[in-house]
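Student: Sequence first, predicted model second:
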Amino acid sequence: MTQPDFAIVREMFDLTGARWTVPVLVALEGSRMRFGEIARDVGGVAQKQLASTLKELERDGFVTRTAFATIPPRVEYELTELGEELVGGVKQLGSIAYANRERIATARREFAERAEGSVAV
């Protein structure tokens, strides 16, 4: 049996774990938006960071960027089918965390109590 290649999975977790990726994906869900609109919806993201996040999402096929030859130039972003699928997965993970928040809090409390009782060697 061959060992599975988890590199793409690690890359996906790195991407979705980045601070601004999920808020950008959620902002774009179901709509086409301009850069400024995304920035307003996400709130608190620096222009440079938003540009970098959008570029990574476009590179990986989750977002499309459409430039219009107007004056002034207009650029819009929207999720691809793959991006919509990713948003669904992220929301599913979020709902698991939310539904189990008490169990997670209990586990953390119990862990901390056990850690307090142990002696470091």
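Tutor: All right, it came through fine. Numbering: from 1, shown residues only.
Student: Name the surrounding residues that touch the biggest helix by length in the chain.
Tutor: If you go by DSSP state H, the chain has its longest helix at helix 81-99. By CB atoms under 8 Å, 6 or more residues apart in numbering, the surrounding residues in contact with helix 81-99 are 16, 22, 25-26, 28-29, 57, 61-63, 79, 104. C-beta here means a position set from N, CA and C on the backbone, and glycine is covered the same way.
Student: now, which of these lie within strands?
Tutor: 63, 79 (DSSP state E).
Student: would a markdown table of the contacts of helix 81-99 with neighbour count be doable?
Tutor: Below are the contacts of helix 81-99 laid out as a markdown table (neighbours: other CB atoms under 10 Å):
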| residue | neighbour count |
| --- | --- |
| Thr16 | 15 |
| Val22 | 19 |
| Leu25 | 22 |
| Val26 | 16 |
| Leu28 | 26 |
| Glu29 | 15 |
| Leu57 | 26 |
| Gly61 | 12 |
| Phe62 | 24 |
| Val63 | 23 |
| Leu79 | 24 |
| Ile104 | 12 |
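Student: Which of the contacts of helix 81-99 fall within helices?
Tutor: 16, 22, 25-26, 28, 57, 104.
Student: Make TSV out of those residues and add pLDDT and distance to Glu84.
Tutor: As requested, the ones in helices among the contacts of helix 81-99 are exported to TSV (pLDDT from 0 to 100; distance: CB to CB, whole Å):
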residue	pLDDT	distance to Glu84
Thr16	83	14
Val22	94	14
Leu25	96	9
Val26	94	11
Leu28	97	9
Leu57	96	12
Ile104	96	28
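Student: Distance to Ile71 for the residues you listed - can I get that in TSV?
Tutor: Listed next are the ones in helices among the contacts of helix 81-99 as TSV, based on distance: CB to CB, whole Å:
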residue	distance to Ile71
Thr16	37
Val22	34
Leu25	31
Val26	32
Leu28	25
Leu57	27
Ile104	53
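Student: ok, back up a step: how about the longest helix of the chain: buried residues?
Tutor: 83, 86-87, 90 (16 or more other CB atoms under 10 Å).
Student: Gln49: neighbour count?
Tutor: 16 (other CB atoms under 10 Å).
Student: show me the contacts for it.
Tutor: So Gln49 contacts 19-20 (CB under 8 Å, 6+ apart).
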